[in-house]
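Enquirer: Need coordinates for the following:
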Amino acid sequence: MSQSFPVAGRKIYMHADVLVPPVDGLFDAADFPAITDEDWGAIGKWSTMGSLGGDQATITQAFLNEEYDDVQMGTKNPGVMSNTFGVLPADPGQIALYAAAGDKKLRAFLIEFPDAPTGATPHGSIRLFAAYVKEPVEQGGEANTMGMMTVDLVKFKNSVRVPAAGTGGPVGG
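Expert: Below you'll find the predicted structure:
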């Protein structure tokens, strides 16, 4: 039986280079920089993780001579992943998010889960995805709260799952 893991302990990284998507078809792991690449930059003070999944349109057609509508599945939309971070002006990952914001260039993102097995250089389960970075929005709060910012990542196509492994890390240096 497999074990579930909390959201706490997950890490998010953005790659320094602009990602060129495949001409057609879905992403696979080979379309992304290697998970051992040192140009994966961690983004600090990650407070709230948005949705990794997307949505699929439902096509419904009513017919006059039938009691039930016909239902089919339509196209998929990878969705928007809304993430919240504690504002940390000197954090290199947050600086990179601001630099990428609104430039209309696709970026590679990596999320590592806290389920790494034992090994020499282990890594946890990984999700790779490509997204455009929307302008971060900073919001205030109450007296005893930290400054926070929300960053929406407009995902492009599918996410790729990479299983945890006892070797192959570290991710992002």
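Enquirer: which one in this protein is furthest away from the centre?
Expert: Largest separation from the mean C-alpha position in the chain: Asn65, at 45.7 Å (Cα atoms, centre = their mean).
Enquirer: Give me the pLDDT value at that residue.
Expert: If you check Asn65, the pLDDT there is 96.
Enquirer: next one: Ser2
Expert: 67.
Enquirer: repeat for Val171
Expert: On the pLDDT scale, Val171 gets 81.
Enquirer: on that earlier part again, phi, psi of the residue farthest from the centre of the chain?
Expert: phi -100, psi 20 (degrees, to the nearest 10).
Enquirer: With the one 5 residues further on instead?
Expert: When quoted as degrees, to the nearest 10, the phi and psi of Asp70 stand at phi -80, psi 140.
Enquirer: residues in contact with the spatially closest residue to Gly79 that is not a sequence neighbour?
Expert: Among residues not flanking Gly79 along the chain, Gly54 sits closest, at 4.0 Å (Cβ to Cβ, 6 or more residues apart in numbering). To be clear about C-beta, it is placed using only N, CA and C from the backbone, and glycine gets the same treatment. Each residue near Gly54 by Cβ atoms under 8 Å, 6 or more residues apart in numbering is listed here: Lys76, Asn77, Pro78, Gly79, Lys155.
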